[in-house]
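Visitor: Just need the structure, nothing else, for what follows:
(2 chains)
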There are 2 protein chains.
Amino acid sequence: MKARVYVTLKPSVFDPQGRVVADALVTLGYQDVKDVRQGKFFEVELADADPAAAKQRVTEMADKLLANPVIESYRVEVLQ
Amino acid sequence: MKARVYVTLKPSVFDPQGRVVADALVTLGYQDVKDVRQGKFFEVELADADPAAAKQRVTEMADKLLANPVIESYRVEVLQ
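Guide: The predicted structure follows:
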């Protein structure tokens, strides 16, 4: 079973990397780009087969290791 | 209008960062973690209002700047 964790900076936190990407896109000629926020995701493959249990465990992993809850928020999605 | 670009290493490319995260999760007690692959995503905010045109432009951006097509694949999703 696979689960995905999407980690993104909270909206109130400044994202310099996204800012640079947005500026680069405007320089490349994409004038209609207003803003870019960058995030990361983890695709976790589990031996576990129960979707509800997997979601709970992966949420725990995100809290403990994958995301920094002070400045980042995350979303967990179980795939199969 | 917002669009998201999910960039991930191609399956044949070794992902050392994901490997380290998988090992760390096993060390933390999550023995059922078999593998982790890490990727990134960009949330692009556009002035453009037409979803089809937005998807085409963002796909172009992904090809030119956001992803390295030699080792990475990407997926574009238009949100609103």
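Visitor: could you pull out the helices for chain A?
Guide: With DSSP state H applied, chain A shows helices at A:16-27, A:51-61, listed in chain order.
Visitor: A:Leu46 reaches B:Asp35, doesn't it?
Guide: No - assessed by CB atoms under 8 Å, A:Leu46 is found out of contact with B:Asp35, at 9.2 Å. Every C-beta, even on glycine, is put in place using the N, C-alpha and C of the backbone.
Visitor: Which one's more surrounded, those two?
Guide: Just comparing A:Leu46 and B:Asp35: by other CB atoms under 10 Å in any protein chain shown the higher neighbour count belongs to A:Leu46, 21 against 14.
Visitor: Quick check: bridge partners of the more buried one?
Guide: Note on A:Leu46: beta-bridge partners by DSSP bridges are B:Val33.
Visitor: Look at it and report its pLDDT.
Guide: In the prediction, the pLDDT value recorded for A:Leu46 is 93.
Visitor: So which of the helices of chain A has the densest surroundings on average?
Guide: Among those, helix A:51-61 has the highest mean neighbour count (mean count of other CB atoms under 10 Å in any protein chain shown), at a mean of 17.
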